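Chemist: From the sequence below, what's the structure:
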Amino acid sequence: MNILVLSWRDSRHPQAGGAEQVMHEHMKGWIKDGHGITILSSRFPGSQKKEVVDGIKTIHMGDQYVGTKMAAFFFWIKYHQNFDLVVDQFHGIPFFTPLYVRKPKLAVLQEVAKEVWFLSGLTWPINWILGLTGYLLEPLFFLFYKKIQFMVGSQSAKDDLIKMGISQDYISIVPHGVILKKSKKIFKKEKRTTIIFLGALTKDKGVEDAIQAFSLLDKIGAFNFWIVGRGTEYYQKKLLDMSKKIIKKSKLVFWGYVNENKKFELLARAHVLINPSIREGWGLVNIEANALGTPVVSYKSAGLIDSVKENVSGVFCKQNVPDELAREIINLTNDKKKYSILSKGSLSWSKEFSWENSRKKSLTLLKQTLENKH
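Modeler: Take a look at the predicted model:
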């Protein structure tokens, strides 16, 4: 097949996250199976209009919010004869391909946005105006996709899609895999108890709750706190100012964006990964931490309830608030026996996920979609 993938960002976009990484891994598998892949996504500083990444033909057109969706329409009108199937990725707003694509379509969704619409990080009242608009319009988006096959990464995402009116017969769960970069060096845990937050520095990922939890732990003892990820310059400054005011004696490091090797090194050296995200499609970072023997303390949120196996790979907070996050961290790090059990359990849990299996399932789904078998 020749497949066109439409996405607001590709894996090299400065704000790319887990969703973009997941799609990139699937596309690599599809190419290995002999298919031709073209991805159309938004421009970003330094991007080329056309390039090839891991065998994937990449085209950058328009801004990530609206421009790339308009560009996709005109691109399809001009080149539709070159493709057999279109992948329409949802990131709040889809590409509305059912309105103009008459060839087989596969919708890929990580999570239904819901309340995330209100957590854009923009200034008031723009955040509420856009948030309310998106929140009210999102259910209408799915009206165009009633008979379109969906690929999701978790049961949580499937359940939310069903609530949006999509029949379960049109939804397939394809769990994500995990890839560890091979390293000759074995990294030991830090001498001082180290808590790591890893993810996009955005409000919906719960980074502010993480900092609030750090401030509570700071009053109890000496810790290392690591925040790994990137966000807008405005929001990063806000987080830095917030941290300086409420964290006094413990060591807090903003690592910013790090490459894959450094990411896995930090996950290995940390004692606990915290994940206070309000909503996820899956929570790939949890499995990445687990693969290095690092348990997770997590909010009980959609997606996270799928990627964290309670009392095996991590623990959930009783309530999704910073106080509970801090309490569970203290309980886990003070209980050496439980920590050891969860560390070993994390390794076992992570081995259940591989990209080889994930790609096989997505390839099967592609072929079924082409043949209109749901």
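Chemist: Nearest residue to residue 249 in space, ignoring adjacent ones along the chain?
Modeler: residue 218 (6.0 Å; C-beta to C-beta, 6 or more residues apart in numbering). For the C-beta atoms, the positions are set from N, CA and C on the backbone; glycine is no exception.
Chemist: now residue 137: how far from residue 94?
Modeler: 11 Å (C-beta to C-beta, to the nearest Å).
Chemist: out of the two, which sits in the more crowded spot?
Modeler: Ranked by neighbour count (other C-beta atoms under 10 Å), residue 137 and residue 94 place residue 94 first, with 22 against 12.
Chemist: Please state the backbone phi and psi of that one?
Modeler: phi -80, psi -170 (degrees, to the nearest 10).
Chemist: Do I have it right that it meets residue 86?
Modeler: No - Residue 94 is beyond contact range of residue 86, at 11.4 Å (criterion: C-beta atoms under 8 Å).
Chemist: just the helices in the protein please.
Modeler: Using DSSP state H, the helices of the chain run over 18-32, 67-79, 126-141, 155-163, 207-218, 233-246, 260-269, 284-290, 304-307, 322-334, 336-350, 355-370.
Chemist: between those helices, which gets nearest to residue 252?
Modeler: Residue 252 sits nearest to helix 233-246 of all those, at 5.6 Å, using C-beta to C-beta.
Chemist: that older thread, and the residue nearest to residue 249, what is it in contact with?
Modeler: 246, 247, 248, 249, 250 (C-beta atoms under 8 Å, 6 or more residues apart in numbering).
Chemist: next one: residue 252
Modeler: Counted by C-beta under 8 Å, 6+ apart, residue 252 has contacts 214, 225, 226, 227, 243.
Chemist: Run through the bridge partners of it.
Modeler: Beta-bridge pairing of residue 252 under DSSP bridges involves residue 225.
Chemist: Name the nearest residue to residue 164, ignoring sequence neighbours.
Modeler: Of all residues not flanking residue 164 in the chain, residue 142 sits nearest, at 4.4 Å (C-beta to C-beta, 6+ apart).
Chemist: Contact partners for that neighbour?
Modeler: Residue 142 neighbours (C-beta under 8 Å, 6+ apart): 161, 164, 165, 166.
Chemist: Make a PyMOL selection of the buried ones in those.
Modeler: This is how PyMOL selects the buried members of the contacts of residue 142, with burial counted by 16 or more other C-beta atoms under 10 Å:
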select buried, resi 161+164+166
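Chemist: Now for the contacts of residue 142: which two are most distant?
Modeler: Across the contacts of residue 142 (C-beta to C-beta), the longest gap, 8.4 Å, separates 161 and 165.
Chemist: Appreciated, that's everything.
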